[in-house]
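Peer 1: Fold the following.
(chains A and B)
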Protein chains: 2
Amino acid sequence: MSNISIDVLGIGNAIVDVIAHADDDFLTLHGMAKGGMALIDEARAETLYLAMGAGIQVSGGSAANTCAGIASLGGTAGYIGKIKDDLLGRIFAHDITALGVRFETESASEGPATARCLVLVSPDAERTMNTFLGACVNLMPDDIDEAQIVGASITYLEGYLFDPPHAKEAFRKAARIARGAGRTVALSLSDSFCVDRYRQEFRELIGDHVDILFANEDEIRSLYGVNDIGEAIPAIEAATSVAAITRGAKGSLIVCGDDRIEIPPVPIERVVDTTGAGDLYAAGVLYGLARGLTLAECGHIGSVAAAEIISHFGGRPETPLATLIGKGAADPTSVARAGRVRLRS
Amino acid sequence: MSNISIDVLGIGNAIVDVIAHADDDFLTLHGMAKGGMALIDEARAETLYLAMGAGIQVSGGSAANTCAGIASLGGTAGYIGKIKDDLLGRIFAHDITALGVRFETESASEGPATARCLVLVSPDAERTMNTFLGACVNLMPDDIDEAQIVGASITYLEGYLFDPPHAKEAFRKAARIARGAGRTVALSLSDSFCVDRYRQEFRELIGDHVDILFANEDEIRSLYGVNDIGEAIPAIEAATSVAAITRGAKGSLIVCGDDRIEIPPVPIERVVDTTGAGDLYAAGVLYGLARGLTLAECGHIGSVAAAEIISHFGGRPETPLATLIGKGAADPTSVARAGRVRLRS
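Peer 2: Model (predicted):
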């Protein structure tokens, strides 16, 4: 088991976010479902960009945000995702490697531009996302390196990977390798619309390959076709070892066997932008699991990381998260040495 | 005088900022003078970018930030500056026009890329800037349109324009046209190192062409070669109608004839990044002057705008400034109709 070298390997759509304020009328006018993620083509990306307000550009991507969070917590992370060799691609690669995340996926030299997501932040801080997948459609099974997967305690997959045509195969390949090597597989359901698109495939995947599931309440409702989360708990409990269900301002619930652990949120003065809240919560939980902490401790670190990210624009931490959980710099020697992480409450 | 259509026309270097945290050791290691602006070539920009941490990309440029602030306050503004037709140029143009600022300078189709400034923010929130001027070197006197200058109550020039080779001529052309048409000319000294480079030219320009001077204490010291600001006041008073001297956390001092108006700062909970503090202070003062407010009122609006900008990353307002000064949306009918703005205390 000594070939484990990092806590978490994230695989996802490599995206640069363009974030601006917008009121709800703007969302309605442009036919957006508030709080969701819509896939758009390049022409619509141009149209929406021209219509939207002044923004900031910041590296994003769900699993990439999570990896950035793990590195910021002092953990070790790697990332697989497809960029093009263009300006946004160079920004993405710079930002994730500057945090110490290993990112070695070959960039595309031709084809569509690096992915961008136009994020509209409403006055109530809810974010609505419009993603042009661009170069992400070129993520292939060949981009999944077996040694990388085997070298990670946890392989973390974002549900959004089901959208590009070949990434799903890459996703399944990664999950198979990880489970085959006795490693842990984690999945984020990403978005309730995404779950709508791939409900049956997600259910099978979770039953076959997933140890740790991240979802919010809408995604759970969509996955199991229930109105009340409680009705889905037995199914979740049977399908996964750990499920972490985020509940917005109410905090989160971690389900592990018979255990139900309620995790309170960490209060903050003002919610500015919820972009990355789920991603950073996952970062905290995964960091804790990889380091052998209790589920309550894992959940608390998730709440701390989520609180930091929603206090400013963008889905990447501005304050080193290690300082917020009372740690100094990264301690790579403490990486979990067990293959399958120990899941305890 | 009925051909005045906007409050302020800003002319400056059109720049996109790349902003990241850095500790003071990083500044020392890379030979930077903390708090200053250094001009760098593209090779050094690449080297520094690789060395610096994960950042955010946000439109910047001193006078452009000021114009953005004026628009955000509900005023009307235009901007002249040179970008290239590349991704950063498109971001710059989008962001300034999205705020309602008229920006019609023809972009360069060849030559160096759109300017970028690598901004390192220290733990004490001081920012240190490294500017690759790029396409800004192609700003020419021909980019100055006489009708635009005549149509603005105030033409606002940034001292940084003395760095690109031909912008200085554009700068002087604009000042001559404005004064010739009975309009008001405002100048920001930008940076004490910039003043060091062009001290004599700045002194002559201020004496000949400038009605309103913006400077911080270091810039005043550099301009007049004094240690104590007080020693320079008589010279400032003789050379300009109004001088607004920013004093960091101590607020600002406005000098107008015999009047000395002390402007207190607006307290904020935490200073995150001082990028744009002077630019947004100038926005508040210029907005007030163009709308015929008293100097004390102008200074207060400057303090409000500066307080907003230092409470987050980047030099562009995140909160509409009009809401912070108790105004609603822009009221373009109230644009000052006098040629020379009335300067009163």
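Peer 1: Quick check: residues of chain A near chain B?
Peer 2: A:20-21, A:49-50, A:52-59, A:68, A:86-88, A:91, A:94-96, A:98-99, A:269, A:312-314, A:316, A:318 (CB under 8 Å from any CB of the partner chain). Every C-beta, even on glycine, is put in place using the N, C-alpha and C of the backbone.
Peer 1: Can you list the helices and strands that the helix or strand hosting A:Ile261 packs against?
Peer 2: For A:Ile261, the host element (DSSP states H and E) is strand A:259-263. If contacts are counted by 3 or more CB pairs under 8 Å, 6 or more residues apart in numbering or on different chains; DSSP states H and E, strand A:259-263 sits against strand A:252-256, helix A:295-309.
Peer 1: now for the very next helix or strand once past the longest one, which elements pack on it?
Peer 2: The element immediately downstream of helix A:295-309 (helix or strand, assigned by DSSP H and E) is helix A:321-324. Using 3+ CB pairs under 8 Å, 6+ apart as the contact criterion, the secondary-structure elements in contact with helix A:321-324 are helix A:62-72, helix A:295-309.
Peer 1: Average pLDDT for the shortest one, rounded please.
Peer 2: In this case it means helix A:62-72. Mean per-residue pLDDT for helix A:62-72: 98.
Peer 1: And stretch A:270-285, by the same measure?
Peer 2: 96.
Peer 1: From the chain's centre, how far out is it? Work that out for me.
Peer 2: 10 Å (CA atoms, centre = their mean, to the nearest Å).
Peer 1: So for that stretch, what gets flagged as buried?
Peer 2: Of the residues in stretch A:270-285, those buried by neighbour count under the rule 16 or more other CB atoms under 10 Å in any protein chain shown are A:272-285.
Peer 1: If you count neighbours, what's buried in stretch A:184-201?
Peer 2: Of the residues in stretch A:184-201, those with enough neighbours to count as buried (16+ other CB under 10 Å) are A:184-195, A:198.
Peer 1: For A:Ile80, give the beta-bridge partners.
Peer 2: Using DSSP bridges, the bridge partners assigned to A:Ile80 are A:Ile11.
Peer 1: okay, now it: neighbour count?
Peer 2: Counted by other CB atoms under 10 Å in any protein chain shown, the residues lying close to A:Ile80 total 28.
Peer 1: Give me the sheet partners of the strand holding A:Ile261 and which way each runs.
Peer 2: According to DSSP bridges, strand A:259-263 has the following sheet partners: strand A:252-256 (antiparallel).
Peer 1: what comes into contact with the partner strand?
Peer 2: Under the criterion CB atoms under 8 Å, 6 or more residues apart in numbering or on different chains, residues A:229, A:233, A:236-237, A:240-247, A:260-263, A:265, A:281, A:285, A:295-296, A:298-299, A:302-303, A:343-345 lie in contact with strand A:252-256.
Peer 1: In ChimeraX, how would I select just the buried ones from those?
Peer 2: Command for ChimeraX, covering only those of these found buried under the criterion 16+ other CB under 10 Å:
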select /A:229,233,236,237,240,241,242,243,244,245,246,261,263,265,281,285,295,298,299,302,303,343
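Peer 1: that older thread, filter the residues of chain A next to chain B down to the ones in helices?
Peer 2: Cross-referencing the residues of chain A next to chain B with the helices (criterion: DSSP state H) gives A:Tyr49, A:Leu50, A:Ala68, A:Leu87, A:Leu88, A:Ile91, A:His94, A:Asp95, A:Ile96, A:Ala98 as the overlap.
Peer 1: and the last one, what is it in contact with?
Peer 2: With contacts defined as CB under 8 Å, 6+ apart, the neighbours of A:Ala98 are B:Ala20, B:Met52, B:Gly53, B:Ala54.
Peer 1: Of those residues, which are in range of chain A?
Peer 2: The subset of these lying close to chain A, counting by CB under 8 Å from any CB, consists of B:Ala20, B:Met52, B:Gly53, B:Ala54.
Peer 1: Greatest separation within those residues: which pair is it?
Peer 2: Taking CB to CB as the measure, those reach their widest spread between B:Met52 and B:Ala54, a distance of 8.5 Å.
Peer 1: Quickly list what's touching both of those two.
Peer 2: What both B:Met52 and B:Ala54 touch, as defined by CB under 8 Å, 6+ apart, is the set A:Ala98, B:Ala20.
Peer 1: which of the helices and strands packed on helix A:321-324 is buried the deepest?
Peer 2: For the helices and strands packed on helix A:321-324, ranked by mean neighbour count under the definition mean count of other CB atoms under 10 Å in any protein chain shown, the leader is helix A:62-72 at a mean of 32.
Peer 1: helices and strands around that one, which ones?
Peer 2: Taking 3+ CB pairs under 8 Å, 6+ apart as the contact cut, helix A:62-72 packs with strand A:6-11, strand A:77-80, helix A:87-98, strand A:152-158, strand A:184-188, helix A:277-290, helix A:295-309, helix A:321-324.
Peer 1: and the third one, C-alpha only, in PDB?
Peer 2: The reference is to helix A:87-98. Listed next in PDB are the C-alpha coordinates belonging to helix A:87-98 (Å, rounded to 0.1, in the frame of the first residue of the first chain):
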ATOM      1  CA  LEU A  87      -5.000  31.900 -22.300                       C
ATOM      2  CA  LEU A  88      -7.900  30.600 -20.100                       C
ATOM      3  CA  GLY A  89      -6.200  27.200 -20.200                       C
ATOM      4  CA  ARG A  90      -2.900  28.700 -19.000                       C
ATOM      5  CA  ILE A  91      -4.800  30.600 -16.200                       C
ATOM      6  CA  PHE A  92      -6.500  27.300 -15.100                       C
ATOM      7  CA  ALA A  93      -3.200  25.300 -15.100                       C
ATOM      8  CA  HIS A  94      -1.300  28.100 -13.300                       C
ATOM      9  CA  ASP A  95      -3.900  28.500 -10.600                       C
ATOM     10  CA  ILE A  96      -4.300  24.800  -9.700                       C
ATOM     11  CA  THR A  97      -0.600  24.000  -9.800                       C
ATOM     12  CA  ALA A  98       0.300  27.200  -7.900                       C
END
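Peer 1: For it, what does the pLDDT average out to?
Peer 2: Averaging the model's pLDDT scores along helix A:87-98 yields 97.
Peer 1: go on, the fourth one?
Peer 2: The predicted model gives strand A:152-158 an average pLDDT of 97.
Peer 1: Now do that strand against strand A:6-11, angle only.
Peer 2: Angle, strand A:152-158 to strand A:6-11, by axes from the mean of the first three to the mean of the last three CA atoms, to 10 degrees: 20 degrees.
Peer 1: What strands flank strand A:152-158, and is each parallel or antiparallel?
Peer 2: According to DSSP bridges, strand A:152-158 has the following sheet partners: strand A:6-11 (parallel), strand A:184-188 (parallel).
Peer 1: Kindly calculate the angle that the first one makes with helix A:62-72.
Peer 2: By that I understand strand A:6-11. Computed with the same axes, to 10 degrees, the direction of strand A:6-11 lies at 160 degrees from that of helix A:62-72.
Peer 1: returning to what we had before: which among the helices and strands packed on helix A:321-324 is found nearest to B:Ile220?
Peer 2: When the helices and strands packed on helix A:321-324 are ranked by proximity to B:Ile220, the top entry is helix A:295-309, at 39.4 Å, counting by CB to CB.
Peer 1: tell me the secondary structure for A:Thr105?
Peer 2: Following DSSP: H, G, I helix; E, B strand; the rest coil, A:Thr105 is assigned to coil.
Peer 1: same check, this time on A:Ala43
Peer 2: Look at A:Ala43: counting by three-state DSSP, its state is helix.
Peer 1: Contacts for the strand holding A:Ile261 next, please.
Peer 2: Counting by CB under 8 Å, 6+ apart, the neighbours of strand A:259-263 from elsewhere in the structure are A:233, A:251-255, A:295-296, A:299-300, A:302-303, A:345.
Peer 1: Reformat the residues you listed as CSV; add pLDDT.
Peer 2: Converted to CSV, the contacts of strand A:259-263 look like this (pLDDT from 0 to 100):
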residue, pLDDT
A:Ile233, 94
A:Gly251, 96
A:Ser252, 97
A:Leu253, 97
A:Ile254, 97
A:Val255, 96
A:Leu295, 97
A:Ala296, 97
A:Gly299, 97
A:His300, 97
A:Gly302, 98
A:Ser303, 98
A:Ser345, 45
